[in-house]
Every structure is written in C-alpha cells, then in structure tokens.
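# here are the coordinates; sequence isn't available:
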C-alpha cells in the first residue's frame with residue numbers, strides 16, 4: 001500500500017481511486033472512434049462470461065451497488081459462455097454494441113492492435129502497478145500500453161477428494177508432484193474407489209490449452225522460444241502431451257475428458273465420481289455447497305503439482321475494457337473502476353480472488369476462502385503465460401486440434417505437436 005490510506009479512499013468513493021480516475025477520463029488517452037461522455041449519466045452495456053469466477057448473481061449485485069451510487073447511469077449486463085465471448089466482442093465491435101467487455105489474458109494483443117479496445121494507460125494511477133499482482137497486469141497489457149483494468153486473477157488448482165484418498169490409503173503428500181499424483185491415481189483405481197480417478201477439461205477448446213500449459217511448464221517446456229518461434233514441440237511440451245495421453249491409455253483419465261469443459265469437471269467431481277481434478281478457484285465454493293455437491297467437507301485444494309522444473313499455474317486472468325466504439329467511455333470506465341476496486345472484489349472473494357496483493361493478508365478475504373487463499377498466495381506468484389500474439393485465437397485453435405489428435409490416439413504426441421508447430425509458426429509470422 002502507498003502512504004495515503006488508499007483503502008479509505010476506495011471505500012468512500014465506491015471505486016479504485018475514483019476521483020482521480022474520473023478526472024483522468026476527461027482528458028486522458030481514449031479510443032479512436034468513441035466518445036468520452038459526461039461520466040455521470042447515460043446508458044452503458046457490458047458483456048461478461050457465465051462460466052467460472054464471478055457468477056451472474058455476483059455481477060448483478062456489484063452492478064446494483066454501482067447504480068445506487070450513480071443513479072444517473074443505467075447499466076445493462078449481458079452474459080455469454082466463455083467459448084462465445086471472443087467472437088461476440090469481435091462481431092459487436094463495428095456497431096459499438098457494448099461499452100464494457102471482459103477480455104481474456106490472451107486477447108490484448110489482438111484487440112489492442114486492431115483498436116477494438118481503448119488504451120487507458122493515462123487513467124491508471126501510478127500505484128496500481130505496485131499494488132496489483134504482477135500476473136494481473138499481464139491481463140490488460142500489450143505493447144507497453146494498458147487496455148483495461150484487471151478484474152479476475154485466477155489459475156487452476158488441484159482439487160482432491162480426501163475421503164477417496166483415505167480409503168485408497170494414498171498419501172496426500174504424494175500429490176505435491178505430478179509423478180506422485182500419477183501414483184495416487186493408480187492407487188485409487190486399484191482400490192476400486194472410482195473407475196476413473198481423473199477427469200479433465202480436454203474438449204477442443206481453450207480449456208484444453210490451459211491444462212496443457214500447466215503440465216508443459218512443470219516439465220520444462222515453453223510455448224515459444226526467445227526468438228518468438230514455436231517451442232512446444234520439443235522437450236517438456238512433448239513430455240506433457242505424452243503424459244496426458246498415457247493417463248487415458250492406462251484408464252486413469254475418464255475418456256469423457258476429451259468432450260468436457262470445466263463445468264463438466266465440476267459436475268463429475270461434485271458427484272463423487274472423480275478424485276483428482278484441475279479447476280479454477282470458483283469450484284471450491286461450489287464444492288462446499290450441499291445443495292449442489294455430494295462431497296461437502298471432503299474437498300481439499302492445493303497448488304498445482306511440481307514437475308521436473310517447477311509448478312507454474314496457467315495465468316487465467318481477465319480484464320475489463322472500454323470498447324473503442326463506446327459513446328460513453330467515462331461512465332464505462334467509472335463502472336469498471338467500481339467492479340475492480342479492492343473493497344468490491346473482497347466482498348466476492350469466494351467466487352474469484354482479488355487482483356490486489358494486500359487482499360491476501362486481509363482477515364475478511366482469508367475467512368471467505370480459508371482453504372484457497374493460502375494456496376493462491378503461493379500459486380499466483382508462479383504463473384505461465386500463454387503467447388501474447390495478435391493471432392493467438394487462430395494459434396490456439398491449431399494447437400487444440402492437434403492436442404486432441406494425440407489425446408484420441410490419432411497421432412503420436414511428437415507428430416501432433418510438429419504438425420501444430422508448422423501451422424502455428426506461419427500464423428505467428430502473418
């Protein structure tokens with residue numbers, strides 16, 4: 001924290017450094033096609049996802065608290081599945097349909113270079129860069145410019161069914177490494193506790209790349225080398241995919257994994273039909289809700305396991321951005337400032353942990369999510385970033401397809417990744 005009592009300023013203003021931010025809105029860097037607007041009245045439309053992190057109910061409550069403090073501004077939130085979010089933003093861009101959009105950490109290069117979102121570098125208070133988690137800032141930055149404000153700071157954690165481990169006599173300490181995790185899965189299967197100890201979000205979607213990223217990083221692989229060329233088809237990148245495929249061959253991974261997303265993983269785990277899974281922060285809250293979960297009180301969350309090199313979690317951060325076509329950019333940024341403020345984020349820490357570093361020492365945040373916060377404090381300091389490329393979406397689709405080819409046994413891991421590399425390198429050069 002800076003010397004000024006920033007927390008007091010935030011709580012009284014209802015947004016992060018709101019007075020300074022709004023002053024900056026009137027003359028700071030803006031979009032190329034939109035309008036600033038007055039910032040005190042008008043209508044704005046915001047596009048969110050309805051999948052992980054903050055729930056629709058959370059966003060509705062956050063929006064209600066904003067409009068109560070800003071009665072002149074009407075906000076209409078809209079929610080789409082993550083898989084539809086990117087294309088929805090692209091399709092709506094020319095018409096200026098939305099004023100605020102939620103973007104993934106992998107999209108600033110594409111949207112920023114195409115001037116679809118606004119450069120808000122001039123509206124960022126200097127202290128934000130030191131008060132936010134370093135990985136959070138990556139969600140909004142491209143080419144040394146800031147195109148939004150980080151809002152979701154997440155990675156995939158290891159979730160364990162402790163009752164299953166006890167019955168199978170599998171030592172929880174084994175799960176500190178991927179080798180030990182594999183040993184635990186074999187023990188679970190041999191004991192008959194579950195048919196398939198693992199289920200993953202390995203559908204041909206970005207979720208697959210996220211799981212692959214954690215294994216690739218742990219085994220010493222890289223997406224790109226220092227020159228910007230594809231490197232996932234060597235070393236740890238190949239080992240990670242071979243490891244994934246082998247768990248299917250050995251009957252440790254539910255074959256439905258190749259058709260599953262995170263919500264499917266959550267559903268199977270909560271039904272007691274899987275013992276060890278990777279998923280985002282939000283699953284811990286859901287796994288302790290007796291109305292929707294059969295394993296309440298039997299769930300433990302841990303850091304992603306270690307490999308030969310480390311234990312990086314995939315950077316799953318997301319940022320809120322003002323669109324270039326917004327006709328009310330000042331009000332849009334005011335709304336973003338409220339949603340991303342430290343006090344507002346701390347209220348909903350059970351769904352998604354804050355982007356603010358000191359939040360992880362706050363008793364209120366720790367009590368909200370006592371099992372996850374200590375793990376997050378360690379894990380969010382060690383993240384692997386997917387490539388920051390203008391053509392990332394196409395790059396990812398190529399990689400997803402070839403990862404699936406290997407997982408389904410259509411190609412050996414090396415062949416699949418070599419084929420992906422040939423196509424991906426062409427995309428990176430275009």
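Thanks, I have it. A quick note: this is a predicted structure, and the numbers were derived from the prediction, not measured.

# Find the nearest non-adjacent residue to residue 218, please.
residue 307 (2.8 Å; CB to CB, 6 or more residues apart in numbering). Using the backbone N, CA and C atoms, a C-beta is placed for each residue, glycine as well.

# Which pLDDT value goes with the one you found?
Residue 307 carries a pLDDT value of 97.

# which residues touch it?
Residues near residue 307 by CB atoms under 8 Å, 6 or more residues apart in numbering: 177-178, 215, 217-220, 236.

# Which members of those residues occur in helices, if any?
Those of the contacts of residue 307 mapping onto helices are 178, 215, 217-218, 236, per DSSP state H.

# pLDDT added to those residues, as TSV?
Converted to TSV, those look like this (pLDDT from 0 to 100):
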residue	pLDDT
178	98
215	98
217	97
218	98
236	98
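
# Redo those as TSV? Include neighbour count and distance to residue 378.
TSV is the format used below for the ones in helices among the contacts of residue 307 (neighbours: other CB atoms under 10 Å; distance: CB to CB, whole Å):
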residue	neighbour count	distance to residue 378
178	21	17
215	24	19
217	26	15
218	25	15
236	21	22
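
# Give me the phi and psi for the residue nearest to residue 218.
phi -110, psi -160 (degrees, to the nearest 10).

# ok, back up a step: any idea which of the contacts of residue 307 is closest to residue 93?
residue 217 (32.6 Å; CB to CB).

# Verify the stated contact: that closest one with residue 315.
No: if you go by CB atoms under 8 Å, residue 217 and residue 315 don't touch, sitting 10.3 Å apart.

# between these two, what contacts are shared?
Common neighbours of residue 217 and residue 315, using CB under 8 Å, 6+ apart, are residue 384.

# Can you list the residue ranges for helices in the stretch 101-250 of the chain?
108-113, 128-131, 134-137, 162-168, 178-191, 206-218, 236-249 (DSSP state H, counting those that start in this stretch).

# buried set for the fifth one?
In terms of neighbour count (16 or more other CB atoms under 10 Å), helix 178-191 has its buried residues at 178, 180-182, 184-189.

# farthest pair in those residues?
It's 178 and 189 that sit farthest apart of the buried residues of helix 178-191, by CB to CB, at 16.6 Å.

# For the stretch 1-150 of the chain, which segments are assigned as strands?
For the stretch 1-150 of the chain, the strands defined by DSSP state E, counting those that start in this stretch cover 42-49, 73-80, 100-104, 141-142, 145-146, 149-152.

# now the stretch 201-350 of the chain
Residue ranges of the strands in the stretch 201-350 of the chain, as given by DSSP E, counting those that start in this stretch, are 276-279, 299-302, 313-314, 318-322.

# got those strands as JSON lines, with distance to residue 149 and mean neighbour count columns?
Listed next are those as JSON lines, based on distance: least, CB to CB, whole Å; neighbours: other CB atoms under 10 Å:
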{"stretch": "strand 276-279", "distance to residue 149": "25", "mean neighbour count": "25"}
{"stretch": "strand 299-302", "distance to residue 149": "27", "mean neighbour count": "19"}
{"stretch": "strand 313-314", "distance to residue 149": "21", "mean neighbour count": "26"}
{"stretch": "strand 318-322", "distance to residue 149": "6", "mean neighbour count": "30"}
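
# Quick check: residue 175 touching residue 305?
Yes: proximity of residue 175 to residue 305 meets the contact threshold set by CB under 8 Å, at 6.2 Å.

# overlap in contacts of these two?
158, 181.

# Could you check how far residue 346 is from residue 367?
Residue 346 sits 11 Å away from residue 367, going by CB to CB, to the nearest Å.

# what about the two, which has more around it?
Counted by other CB atoms under 10 Å, residue 346 and residue 367 do not tie: residue 346 has more neighbours, with 18 against 10.

# Let me know the pLDDT of the more buried one.
Reading off the model, residue 346 has pLDDT 95.

# Residue 363 is in contact with that one, correct?
No: applying CB under 8 Å as the test, residue 346 and residue 363 come out as separate, 10.5 Å apart.

# want to throw the strands of the stretch 1-150 of the chain into JSON lines with mean pLDDT?
Converted to JSON lines, these look like this (pLDDT from 0 to 100):
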{"stretch": "strand 42-49", "mean pLDDT": "96"}
{"stretch": "strand 73-80", "mean pLDDT": "98"}
{"stretch": "strand 100-104", "mean pLDDT": "97"}
{"stretch": "strand 141-142", "mean pLDDT": "93"}
{"stretch": "strand 145-146", "mean pLDDT": "96"}
{"stretch": "strand 149-152", "mean pLDDT": "97"}
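
# count of neighbours near residue 115?
Using other CB under 10 Å, residue 115 has 15 neighbouring residues.

# just checking, it touches residue 324?
Yes: taking contacts as CB under 8 Å, residue 115 lies within contact range of residue 324: 5.4 Å.

# Nice, that's everything, thank you.
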